[in-house]
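Participant: need the 3D shape of this:
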Amino acid sequence: MITGEIVDENTSVTKDIIILDGIKNISRYYIRAKELKIEEVKQIISVNKSPTETELLTEFDARVLLKKQLHAWGRNRIRQIQYEKAINLGMNIQTWEDMGTTWQKDGSLKNQEWMFHIMHGVFQMDENWDKGKTWSEQLEDEFMKEYHLEYDTSEPLRKASKKRIPSGIEEIIKSDRSELNKLLNLRTRTMSSHGKKMC
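Facilitator: The predicted model follows:
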């Protein structure tokens, strides 16, 4: 059994969440960025056998819970990366949310450059990540290791470019970063006397 925590973003209350038994070896698209539908899950697991209603609901719940767990983990990890970089750059902030309001106090070019680096550059610079891996691949590996998950097939490559095809977990992590950047931009725009977004 895999256990973890999920934080309710509206209340900041940490809740225990339990991922159901049996999730260890998963397919590369066990969960995906798009909304999960029970009919889809039924079609997937019906390949080997006709599931009972209980088996179908158990499998569906397991996927939904794992996706929630990934969103919570991914957003917290990305916030941590951005916050630590902001502190290292010398930003005078107490929380991740403070980054979005710095423009109100400091509209300098230097601050704009810092924000751009925090939101984008830190994820693109090779020296920040393991050689040969993108930031999203590395976070995918961290999540898989932390929650004792393994893929049941080898990594597929694109025929023409021979580059890896992103898994569902990696795609979700990427989308979480995009959403967090939107939140920072929104705070910048709403809190700024200039009325402009940073990046």
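
Participant: next one, pLDDT for Glu142 please.
Facilitator: Looking at Glu142, its pLDDT is 93.

Participant: now do Lys197
Facilitator: Value for Lys197, per-residue pLDDT: 52.

Participant: mind listing the strands for this protein?
Facilitator: All strands of the chain, identified by DSSP state E, fall at 2-8, 13-19, 25-26, 150-151.

Participant: now the last one: how far from the chain's centre is it?
Facilitator: Put plainly, it is strand 150-151. Centroid displacement of strand 150-151 relative to its chain, using Cα atoms, centre = their mean, to the nearest Å, is 18 Å.

Participant: would you give the sheet partners of that strand, along with the direction of each?
Facilitator: strand 25-26 (parallel) (DSSP bridges).

Participant: so what touches the partner strand?
Facilitator: 149-152 (Cβ atoms under 8 Å, 6 or more residues apart in numbering). Backbone N, C-alpha and C define where each C-beta goes, glycine included.

Participant: how about low-confidence regions in the chain?
Facilitator: Low-confidence segments of the chain, defined by pLDDT under 70: 1-23, 126-128, 156-159, 161-162, 187-199.

Participant: apply 90 and report the result again.
Facilitator: Scanning the chain with the threshold set as pLDDT under 90 gives 1-63, 91-92, 97-113, 115-116, 121-122, 124-134, 147-148, 150-167, 183-199.

Participant: weed out the non-buried ones from the contacts of strand 25-26.
Facilitator: Among the contacts of strand 25-26, those buried by neighbour count (16 or more other Cβ atoms under 10 Å) are Leu149.

Participant: what would the contacts of strand 25-26 look like in CSV with distance to Ser178?
Facilitator: Listed next are the contacts of strand 25-26 as CSV, based on distance: Cβ to Cβ, whole Å:
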residue, distance to Ser178
Leu149, 23
Glu150, 27
Tyr151, 24
Asp152, 28
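
Participant: name all residues that make contact with the residue nearest to the spatial centre of the chain.
Facilitator: Nearest to the geometric centre of the chain sits Ile173, at 2.7 Å (Cα atoms, centre = their mean). Residues near Ile173 by Cβ under 8 Å, 6+ apart: 70, 74, 78, 136, 139-140, 143.

Participant: again with Arg79
Facilitator: 96, 180.

Participant: where do the helices sit along the protein?
Facilitator: 38-45, 53-89, 102-105, 109-116, 122-124, 135-146, 168-191 (DSSP state H).

Participant: among the ones you listed, which is nearest Lys24?
Facilitator: helix 135-146 (10.4 Å; Cβ to Cβ).

Participant: ok, and what's touching the closest one?
Facilitator: 70, 73-74, 77-78, 123-124, 128-130, 133, 149-151, 164, 166-167, 169-170, 173-174, 177.

Participant: buried set for it?
Facilitator: Neighbour count says helix 135-146 has 135-137, 139-140, 143 buried, by 16+ other Cβ under 10 Å.
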